[in-house]
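>>> Show me the folded form of this:
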Amino acid sequence: MPPSLEGPRRGQPRRNQTGPENASNAPPTQPIDPNITATIHQIMSEMLPSLVAQTVEALRQSDDGEDPNLVNQPSETQGQGTDTGGNSQEIHLWLERFHKQKPRVFILAATPVDAEDWIIHLEKIFRVLGCPDHIRVELAIYKLEGDAYCWWHVWKQAHTGVVDIGSLTWEEFKELFYQQYFSNSDKDAYGREYATIRQRDDESISDYMARFLRLASYAGIIAGIASYQTEKFKWSLNGKYRSKLINQNFTTVAQVVDAARNIERERLDTIQFKGDKDKKRKHDGSSGSFNRFKSDNSDKRRFGGSKFSGSSQSITSSNPSVTTPPIVCKECNLPHRPSPCLRMTGSCFNCGQRGHLANWIKSKLDKACPDYS
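Alright, predicted model coming up:
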């Protein structure tokens, strides 16, 4: 019986056609170029943050009841910004980068200097991140809190329809901010202070330099060129520094500061050395008084309770406000008041009179001190 030409019956598994006899019909395989693989990975890594941000924003919009398809459509004011944040995706990305720099919030300014310091702090972050102009305004408004945000809210309500708040530039925002927290009258006051600036007695060189340079920045063209500022800084120093620098020539304020700091360090070292020396002298004096007290007591015991130690007490009793401690005499090697030594003058060691001696001193004179007991 001839073989059947029909195919495999229904229900029977088809035989594998990839055996050795059909190996020649398989398509050839080629290795993938590693450069192409690296390029694909790089493109995907760059697109992944954007895709994640778009997905998160779409989910947020859907939760709010908005159409997620409108999230990625460019708005008419994209690139200009609006008062409510402009393009939400762009603001979201810039806000994330901005928060990583840990910017300070602004609530109120105790002094006008605090307001300017906050603006300078934000501009440093904006310059590093490369923020566009309209994004700077949005991020600065985001960091206003308390009284500062109330001021901005009131100003925005008062100028709605009069000023295009959505197209407000960074320079315009700074001008509005300074009108509120750093007015022209404040700048004029700092300029007048710069004109009559002097270093205070309790002000260090570093503190005075910081105050001088800050006031010079407020004074503007009134501060003068570098050589004028150098001379003004030198002549406005305290007399204890100016007297040593007056005949020296400097070209910059930094040179004057460096020389004045050396004088300041020398003065501090001298004061510290004198303080240590005075402490040592007091310590030596207290220990010396204790030793003299022991010597006086030993002398009393030695001479049988004589009135020898009363020589120093007589000075105190005559003038209670003045107390002169006894010193050890180089002639008799005994402590007595600062007066001519009685042994050298031939006077009595008890009463100080001449013509007799104390009976506890061996002498050829027969007359003893009548005050001795």
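
>>> So what does Ile246 look like in phi/psi?
For Ile246, the backbone dihedrals are phi -60, psi -30 (criterion: degrees, to the nearest 10).

>>> Repeat that for Thr270.
Main-chain torsions, Thr270, degrees, to the nearest 10: phi -70, psi -40.

>>> ditto for Cys329
phi -80, psi 140.

>>> likewise Phe106?
Dihedral angles (degrees, to the nearest 10) for Phe106: phi -120, psi 120.

>>> what about this protein, any weak spots by pLDDT?
1-31, 49-50, 52-53, 56-87, 276-326, 337-338, 349, 357-373 (pLDDT under 70).

>>> how is it carved up into domains?
The chain resolves into domains spanning 88-182, 205-276, 324-360 when parsed by automatic domain parsing.

>>> wait, which of those is closest to Glu193?
domain 205-276 (5.8 Å; CB to CB). From N, CA and C alone the C-beta is placed, and that goes for glycine too.

>>> just to revisit the earlier point, nearest to Met47 among the domains of the chain would be which one?
Once the domains of the chain are compared by CB to CB, domain 88-182 is nearest, at 13.7 Å.

>>> Next, the distance between the ends of that closest one.
With CA to CA, to the nearest Å as the measure, domain 88-182 spans 32 Å from end to end.

>>> Would you map the helices across this protein?
Ranges of helices in the chain, per DSSP state H, are 34-63, 88-100, 112-129, 133-142, 147-159, 170-181, 184-195, 205-219, 226-235, 239-245, 253-302, 310-318, 342-345.

>>> Could you report the neighbour count for Tyr178?
By the measure other CB atoms under 10 Å, the count of residues near Tyr178 is 17.

>>> Nearest residue to it in space, ignoring adjacent ones along the chain?
Ala115 (7.2 Å; CB to CB, 6 or more residues apart in numbering).

>>> list the buried ones in stretch 328-342?
Buried residues in stretch 328-342, counting neighbours by 16 or more other CB atoms under 10 Å, are found at Cys329, Leu334, Pro335, His336, Arg337, Leu342.

>>> and Cys341, what does it touch?
Cys329, Glu331, Cys332 (CB atoms under 8 Å, 6 or more residues apart in numbering).

>>> I figured the first one was touching His336, is that so?
By that I understand Cys329. Yes - taking contacts as CB atoms under 8 Å, Cys329 lies within contact range of His336: 6.0 Å.

>>> before we move on, the earlier item: ok, the residue nearest to Tyr178 - contacts?
Phe106, Ala109, Phe177, Tyr178, Tyr181, Phe182.

>>> so how far is Lys232 from the last one?
As judged by CB to CB, to the nearest Å, Phe182 and Lys232 stand 24 Å apart.

>>> next one: the second one
Relative to Lys232, Ala109 is positioned 28 Å away (criterion: CB to CB).

>>> hey, which of the helices of the chain is tucked in deepest?
Of all the helices of the chain, helix 133-142 has the most neighbours on average by mean count of other CB atoms under 10 Å, namely a mean of 21.

>>> For that helix, which helices and strands make contact with it?
Contacts defined by 3 or more CB pairs under 8 Å, 6 or more residues apart in numbering; DSSP states H and E place helix 133-142 against helix 88-100, helix 112-129, helix 170-181.

>>> at 6 Å instead, please
helix 170-181 (3 or more CB pairs under 6 Å, 6 or more residues apart in numbering; DSSP states H and E).

>>> one step back: using JSON lines, lay out the helices of the chain together with distance to Cys351.
Listed next are the helices of the chain as JSON lines, based on distance: least, CB to CB, whole Å:
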{"stretch": "helix 34-63", "distance to Cys351": "106"}
{"stretch": "helix 88-100", "distance to Cys351": "93"}
{"stretch": "helix 112-129", "distance to Cys351": "77"}
{"stretch": "helix 133-142", "distance to Cys351": "93"}
{"stretch": "helix 147-159", "distance to Cys351": "86"}
{"stretch": "helix 170-181", "distance to Cys351": "85"}
{"stretch": "helix 184-195", "distance to Cys351": "73"}
{"stretch": "helix 205-219", "distance to Cys351": "64"}
{"stretch": "helix 226-235", "distance to Cys351": "68"}
{"stretch": "helix 239-245", "distance to Cys351": "55"}
{"stretch": "helix 253-302", "distance to Cys351": "17"}
{"stretch": "helix 310-318", "distance to Cys351": "10"}
{"stretch": "helix 342-345", "distance to Cys351": "10"}
